[in-house]
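Colleague: What shape does this take:
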Amino acid sequence: MEKTVGLPKIVLADTGFASGPAVEELQMRGIEPLVAIGRTQPHRPYDFRPPPEPRPARRITEPWRIALRARLETEDGKALYKLRKQTVEPVVGIIKAPSALPASACAAC
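Modeller: Reported below is the predicted structural model:
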């Protein structure tokens, strides 16, 4: 990809991709990572189960996490991170949808 279309300028990712080595690798390649470092909502609004017991806030001490949090708290950072809901997340949902079918739905396949 680097030799054909080039590398992206910014990478948007959720908490599962937050790791020091990954962030460092992106930065070394000149790519700005915008990676969530924690949940933005303590409980999903569409989850009808009782909310879990609240946990104490996680202490963030790693410099790269502090920098990411500061960047995501800016208006520009918020606007860029919101793009995930328009570009990435719908595609992931579409890809996962067929795997959520019950086995009986594919009996004739």
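
Colleague: Now residue 14. Nearest residue, chain neighbours left out?
Modeller: residue 36 (5.1 Å; CB to CB, 6 or more residues apart in numbering). Every C-beta, even on glycine, is put in place using the N, C-alpha and C of the backbone.

Colleague: ok, that neighbour - how many residues close by?
Modeller: 18 (other CB atoms under 10 Å).

Colleague: How about residue 48?
Modeller: A count of nearby residues for residue 48, using other CB under 10 Å, gives 6.

Colleague: One more: residue 15?
Modeller: 11.

Colleague: what does residue 64 give?
Modeller: Around residue 64 there are 19 residues (other CB under 10 Å).

Colleague: I'd assumed residue 65 was in a helix, is it?
Modeller: Yes. Residue 65: assigned to a helix according to DSSP: H, G, I helix; E, B strand; the rest coil.

Colleague: Check the gap between the residue nearest the centre of the chain and residue 84 for me.
Modeller: With distances taken as CA atoms, centre = their mean, the residue of the chain nearest its centroid is residue 14 (1.5 Å). Here the criterion is CB to CB, to the nearest Å. By it, residue 14 lies 7 Å from residue 84.

Colleague: Quick one: the helices in this structure, in order.
Modeller: Secondary structure of the chain (DSSP state H): helices located at 20-28, 63-72, 75-82, 84-87, 89-96.

Colleague: Pull out the buried positions in the fourth one.
Modeller: Within helix 84-87, the residues that qualify as buried are residue 84, counting by 16 or more other CB atoms under 10 Å.

Colleague: Check the third one too.
Modeller: Using 16+ other CB under 10 Å as the burial criterion, the residues of helix 75-82 that qualify are 77, 80, 81.
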